[in-house]
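A.B. asks: quick check, what structure comes out for this input:
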Amino acid sequence: MEWQAFEHGGTKYDLAHLRPFTVTYRYPASGKRLADSFSVNVSFSHHCYSRGLPRKGGGFDTTLLFEVEGDERLFDLRRWELSKQLPAIITDLPNRKCEQSGHGNFFTVAIVAEDGATVEYEVFFRAWKPGKGRLYIHVESAYIRDGDYESSRPASTAISLFVILYNTRSGRPIHVKPVGR
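C.D. replies: Coordinates of the predicted model:
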């Protein structure tokens with residue numbers, strides 16, 4: 001899905017950086033393993049530039065409200081600004097630590113500078129292969145865990161991006177390992 005710019009207070013917030021794209025991840029030969037490559041279609045959810053409605057019944061600026069397929073969200077300037085880094089983060093996934101969330105998706109944590117501070121930017125994604133087609137990665141959400149997200153980062157287990165892609169392409173399940181073992 002291609003996202004249209006969000007307009008608020010006479011300012012247009014362009015979302016062209018979240019257009020779907022295709023990336024090829026190359027796995028180098030090592031030991032007995034042959035080199036391999038994975039062509040992947042990448043897409044982004046509206047959760048990458050928006051946040052949920054306040055849970056504590058607090059008020060909010062209704063001019064930031066929008067809906068996608070019944071999902072009401074608030075445009076979030078901070079998330080929008082950080083989302084500009086997502087295409088580069090996803091392209092660089094082979095060089096990043098990926099984690100299993102235990103909920104069928106994966107995440108990576110990018111360390112970014114924001115207003116002079118270093119923060120952990122959590123990027124959640126799902127991988128799948130429809131039929132005989134190309135692999136897909138869909139970035140489900142990306143945010144900095146802050147006071148609005150009081151729960152902690154999910155317990156996780158490290159997994160190589162290439163294991164995710166190989167198993168997905170081969171139709172093999174990705175076994176969720178017990179966390180902490």
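A.B. asks: just the strands from the protein, written as ranges.
C.D. replies: 6-8, 11-13, 21-27, 36-44, 50-51, 65-68, 71-75, 98-100, 106-114, 117-128, 135-144, 157-159 (DSSP state E).
A.B. asks: longest helix of this protein?
C.D. replies: helix 161-170 (DSSP state H).
A.B. asks: what packs against that helix?
C.D. replies: strand 21-27, strand 36-44, strand 117-128, strand 135-144 (3 or more Cβ pairs under 8 Å, 6 or more residues apart in numbering; DSSP states H and E). In this view, the C-beta of every residue, glycine as well, is placed from N, C-alpha and C.
A.B. asks: those: lowest mean pLDDT?
C.D. replies: Lowest mean pLDDT of these: strand 117-128, a mean of 93.
A.B. asks: list the buried residues in that one.
C.D. replies: Val119, Tyr121, Glu122, Val123, Phe124, Phe125, Arg126, Ala127 (16 or more other Cβ atoms under 10 Å).
A.B. asks: residue ranges with poor pLDDT in this structure?
C.D. replies: 57, 147-155, 176-181 (pLDDT under 70).
A.B. asks: can I get the helices and strands packed on helix 161-170 in TSV with distance to Gly10?
C.D. replies: Shown next, in TSV, are the helices and strands packed on helix 161-170 (distance: least, Cβ to Cβ, whole Å):
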stretch	distance to Gly10
strand 21-27	30
strand 36-44	25
strand 117-128	29
strand 135-144	26
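A.B. asks: pick out the residue nearest the middle of this structure.
C.D. replies: Val139 (3.2 Å; Cα atoms, centre = their mean).
A.B. asks: so that residue touches Ser45, yeah?
C.D. replies: Yes: Val139 lies in contact with Ser45 (Cβ atoms under 8 Å); the separation is 6.2 Å.
A.B. asks: now do the shared contacts for those two.
C.D. replies: Between them, Val139 and Ser45 share no contacting residue under Cβ atoms under 8 Å, 6 or more residues apart in numbering.
A.B. asks: the residue nearest to the centre of the chain pairs with what?
C.D. replies: Phe44, Phe125 (DSSP bridges).
A.B. asks: Provide a list of residues in contact with it.
C.D. replies: Val42, Ser43, Phe44, Ser45, Cys48, Leu86, Ile90, Val123, Phe124, Phe125.
A.B. asks: what does Tyr49 give?
C.D. replies: Tyr49 neighbours (Cβ under 8 Å, 6+ apart): Trp3, Phe6, Tyr13, Leu15, Leu18, Phe75, Asp76, Arg79, Trp80, Ser83.
A.B. asks: what's the closest non-adjacent residue to it?
C.D. replies: Trp80 (4.2 Å; Cβ to Cβ, 6 or more residues apart in numbering).
A.B. asks: specify the residue positioned farthest from the middle of this structure.
C.D. replies: Lys32 (32.1 Å).
A.B. asks: fine, thanks again, bye for now.
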